[in-house]
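In: Here's a sequence, model it:
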Amino acid sequence: MSKHRVAAGAMAAVVLTAGLVVSGTAKAAAGCTFYVSASGSDGNAGTSPDHP
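Out: Here you go, the predicted model:
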């Protein structure tokens, strides 16, 4: 294997590792609750248990 290929492989490994470290710091989005009723109104937002 040539020195150029070894260097390119090492550089690819460094870039991939750096990408994994950066992407590992992302935070999940906050959850959301919807309330649903079979007899509820389609005009209600569904964000309250009083008005599903």
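In: any idea which helix or strand carries Val14?
Out: helix 3-23 (DSSP states H and E).
In: I'd guessed Asn44 sits against Pro52; true?
Out: Yes - shown here, Asn44 and Pro52 form a contact pair, counting by Cβ atoms under 8 Å, at 6.6 Å. Just so you know, the C-beta spots here come from the backbone N, C-alpha and C atoms, and that holds for glycine as well.
In: Who has more neighbours out of these two?
Out: Higher neighbour count among Asn44 and Pro52: Pro52, with 16 against 13, using other Cβ atoms under 10 Å.
In: Model confidence at the more buried one, what's the number?
Out: Here the pLDDT value assigned to Pro52 is 72.
In: Over to Asn44?
Out: 77.
In: Just give the nearest non-adjacent residue to it, would you?
Out: Nearest residue to Asn44, sequence neighbours excluded (Cβ to Cβ, 6 or more residues apart in numbering): His51, at 4.3 Å.
In: residues contacting the residue nearest the centre of the chain?
Out: Central residue check for the chain by Cα atoms, centre = their mean: the C-alpha nearest the mean position is that of Ala28, 6.1 Å away. Listed by Cβ atoms under 8 Å, 6 or more residues apart in numbering, Ala28 has no contact partners.
In: which SS class is it?
Out: coil (DSSP: H, G, I helix; E, B strand; the rest coil).
In: Distance of it relative to His4?
Out: 41 Å (Cβ to Cβ, to the nearest Å).
In: again with Val14
Out: Counting by Cβ to Cβ, the gap from Val14 to His4 is 16 Å.
In: Below-threshold pLDDT in the protein: ranges please.
Out: The chain contains residues with pLDDT under 70 at 1, 16, 18-26.
In: ok, back up a step: look up how far Val6 lies from the residue nearest to Asn44.
Out: For His51, the distance to Val6 - Cβ to Cβ - is 65 Å.
In: between those two, who's got more neighbours?
Out: Between His51 and Val6, His51 has the larger neighbour count (other Cβ under 10 Å), namely 13 against 10.
In: Good, we can wrap up now.
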